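Visitor: sequence first, predicted model second:
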Amino acid sequence: MSTAAPAPDAPRVTAGIGWQQVVLPVATLAIGIAIWDLVVRIEQIPPYVLPAPGLVATTLVSDWPLLWDSLLVTLTTTFEGLALAVIGGTGLAILFNQSRLIEYSFYPYAVILQVTPVVAIAPLLLIYLPQQAAVLACAWIVAFFPVLANTTLGLNSVDRNLADLFELYGASRLSVLMRLKLPAALPYMLGGLKIAGGLSLIGAVVAEIAAGSAGAGSGLAYRIAESGYRLDIPRMFAALILLSAAGVVIFFALSAVSWLLLRRWHESALAREP
Amino acid sequence: MTPAPRTPEPVVTLKGVAKRFANGTQALAGLDLAIASGEFVSLLGPSGCGKSTALRLIAGLGEPSTGAISWRGAKPGARRNGLDVGFVFQEPTLMPWTTVANNVALPLALAGVAPDIAKERVAQALERVGLSQFRVAYPRELSGGMKMRVSIARALVTDPPLLLMDEPFAALDEITRFKLNDDLIALWRAVGNTIVFVTHSVFESVYLSSRIVVMAPRPGRIYADLAVDAPFPRDESFRTSAEYAGHCRVVSQALAQAMTGGGP
């Protein structure tokens, strides 16, 4: 066969972010902060009820060393929980995929673990486990299910004809898993990872709050609880802002990982043709 | 047209092959077919006549409910890993996550062929389908026709004596289909392999084949076995010739009778 085919039309992968997507949310934020500041000034609300945005900002700076250390503690828990969730969720999904028997035996319990509110499990875990382990377990419990569910879906979403082709060429189970099922499941796994990242942070925070003053914790959520008892509301706000920022950064970091891995081939990572 | 001549050593023989699916559908009833080495056989019929099922059974994807398939004397299951059959699906069926070269190399990789030998054979296969310069492209960067060429290159990379094709060009536009038809004939004549080609197009089957097996539906069975004795190479002039039109008329009539359910 011969062909004088044209050069491949490289798909546009550089999605242009319109200025509106940046300017509009920033403007909304600025207006919101201005109104907040105005309300506090006009109503003369005391800082232990609602601190002015300026005071929150100064607290963020003045308490930075303390808050930074706390942030690192919470982030460490979050990433450890996420890493264990990825290992556990992916591993379990592969196991389920290889054996119906194992899937039928364990899947319902994975669901039960997921639907039971973590905030209700946390106090129990804190009784049975050392505090750090309990916090980590909470992060893991909420983060692992999306990885498990999405990876399971991905492993079962293999193109029928490709599977036939592998059978035709006498591929081993390991070959089918490594060369066909895992690559096909990758977009689903990464989708699960994006959800799991946020959930892992929530799990860590819930457990820290549940541990409260009883523990010797020092994470950001613990700082929020502690500030609440001391009526140090500006620090509560500062810690909360840091937590939100951490959640946003985690989401964008995982989105970037997903984009990097899928940009050459998956529809989700490709911009529409203009 | 005359009944196709039988050569002594068939590549594949089907004897009384029937297939009933688990849901009770009788896909095939008593298929007897011998495909000789070097033939280009089209299985032609309406949807539901079991032509794709027959092709899958020949490939060894699934077992017949009754009857037997022998592949140069051996059962299809026995030649797994033997790399002596290539299969092309209606869809290109490429792995989207890897390059054209890796897609074509798949059968060799699964058979554990050494990478340096595999690389050379992949280069040859891509050369044959005219896609040498697209080695490192990803499937989604290619047009539909080019993807199908990659799929054909992958089927050819093991140099299979038997190439099975399941409506490979059905989803392509006519211009691309005509081009690939010509390329396929050239390839078949150059390689000298045996091709079994499933199609629902009378015109495509007449243009390509040395022999057309017309199948009837519900249950799937062979209705007529016709030789297309027009000489190769065939080209655009054949497509407009009276001989081509004559063959098409005979095959169309056989197909119409097969669908209304008259006896052969």
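Guide: Cool, got the structure. Residues are numbered from 1 along each chain as shown, chains lettered A, B, ... in the order given.

Visitor: where does the residue lying farthest from the centre of chain B land in three-state SS?
Guide: Distance from the C-alpha centroid of chain B peaks at B:Asp116, with 29.4 Å (C-alpha atoms, centre = their mean). Recorded secondary structure, B:Asp116: helix (DSSP: H, G, I helix; E, B strand; the rest coil).

Visitor: which pLDDT does the model give it?
Guide: In this model, B:Asp116 is scored at 92, pLDDT.

Visitor: likewise for B:Thr2?
Guide: pLDDT, B:Thr2: 48.

Visitor: also A:Gln98?
Guide: 91.

Visitor: for chain B, see how far away it is.
Guide: 19 Å (C-beta to the nearest C-beta, to the nearest Å). Placement of C-beta: from N, CA and C, glycine included.

Visitor: cool, A:Thr90 as well?
Guide: 17 Å.

Visitor: can I assume that residue is in contact with A:Met189?
Guide: Yes: using C-beta atoms under 8 Å, A:Thr90 is in contact with A:Met189, at 6.6 Å.

Visitor: what is the neighbour count of the nearest residue to B:Ser65 once chain neighbours are set aside?
Guide: Distance criterion C-beta to C-beta, 6 or more residues apart in numbering or on different chains; nearest residue to B:Ser65, sequence neighbours excluded, is B:Arg20 at 4.7 Å. By other C-beta atoms under 10 Å in any protein chain shown, 15 other residues sit near B:Arg20.

Visitor: can you read off the pLDDT for B:Arg20?
Guide: 84.

Visitor: just the CA trace of stretch B:16-32, in CSV.
Guide: Presented in CSV, the C-alpha positions along stretch B:16-32 are these (Å, rounded to 0.1, in the frame of the first residue of the first chain):
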residue,chain,number,x,y,z
GLY,B,16,-21.1,-29.0,10.0
VAL,B,17,-20.3,-26.0,12.1
ALA,B,18,-23.3,-24.7,14.1
LYS,B,19,-23.3,-22.0,16.8
ARG,B,20,-26.1,-21.4,19.3
PHE,B,21,-25.6,-18.6,21.8
ALA,B,22,-26.5,-18.8,25.4
ASN,B,23,-29.6,-16.8,24.8
GLY,B,24,-30.9,-19.5,22.4
THR,B,25,-30.1,-17.6,19.2
GLN,B,26,-29.1,-20.0,16.5
ALA,B,27,-26.4,-17.9,14.8
LEU,B,28,-25.1,-20.6,12.4
ALA,B,29,-26.6,-23.9,11.3
GLY,B,30,-24.4,-26.6,9.6
LEU,B,31,-21.7,-24.6,7.8
ASP,B,32,-19.5,-26.6,5.4
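
Visitor: buried set for that stretch?
Guide: The neighbour-count check on stretch B:16-32 (16 or more other C-beta atoms under 10 Å in any protein chain shown) flags B:17-19, B:27-29, B:31 as buried.

Visitor: likewise for stretch A:150-163?
Guide: Buried, per 16+ other C-beta under 10 Å, within stretch A:150-163: A:150-152, A:154-155, A:158-159, A:161-163.

Visitor: for the chain, give me the ranges with low pLDDT.
Guide: Defaulting to chain A. A:1-17, A:213-217, A:270-274 (pLDDT under 70).

Visitor: I was thinking of chain B, sorry if that wasn't clear
Guide: B:1-8, B:73-83, B:261-264.

Visitor: mind listing the helices for it?
Guide: B:51-59, B:100-110, B:115-128, B:144-156, B:174-191, B:202-208, B:236-239, B:242-260 (DSSP state H).

Visitor: and A:Leu129, which of those is closest to it?
Guide: helix B:100-110 (45.9 Å; C-beta to C-beta).

Visitor: residue contacts, B:Leu55?
Guide: B:43, B:164, B:166, B:196, B:198 (C-beta atoms under 8 Å, 6 or more residues apart in numbering or on different chains).

Visitor: picking up where we left off before, distance check, the residue farthest from the centre of chain B against A:Glu80.
Guide: 43 Å (C-beta to C-beta, to the nearest Å).

Visitor: do B:Arg211 as well
Guide: For B:Arg211, the distance to A:Glu80 - C-beta to C-beta - is 66 Å.

Visitor: ok, A:Ile102 touching A:Gly91?
Guide: No: the criterion here is C-beta under 8 Å, and A:Ile102 misses it with A:Gly91 at 11.4 Å.

Visitor: just confirm A:Arg41 is within a strand.
Guide: No: read with three-state DSSP, A:Arg41 is helix and lies in no strand.

Visitor: for it, which non-adjacent residue is closest in space?
Guide: According to C-beta to C-beta, 6+ apart, the nearest residue to A:Arg41 is A:Ala52 (7.1 Å).

Visitor: with neighbour numbers in mind, choose between B:Arg211 and A:Glu80.
Guide: B:Arg211 (21 against 17).

Visitor: which residues touch the more buried one?
Guide: B:4, B:39-42, B:225-228 are the contacts of B:Arg211 under C-beta under 8 Å, 6+ apart.

Visitor: what do you get for B:Glu91?
Guide: A:161, B:171.

Visitor: at 10 Å instead, please
Guide: Counting by C-beta atoms under 10 Å, 6 or more residues apart in numbering or on different chains, B:Glu91 touches A:159-162, B:144, B:147-148, B:151, B:166-168, B:170-171.

Visitor: got the domain boundaries for chain B?
Guide: B:10-84+B:164-260, B:92-159 (automatic domain parsing).

Visitor: using TSV, lay out those domains together with distance to A:Val206.
Guide: As requested, those are arranged in TSV below (distance: least, C-beta to C-beta, whole Å):
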stretch	distance to A:Val206
domain B:10-84+B:164-260	48
domain B:92-159	37
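
Visitor: between those domains, which gets nearest to A:Leu66?
Guide: Using C-beta to C-beta, these put domain B:92-159 closest to A:Leu66, at 46.1 Å.

Visitor: all set, thanks.
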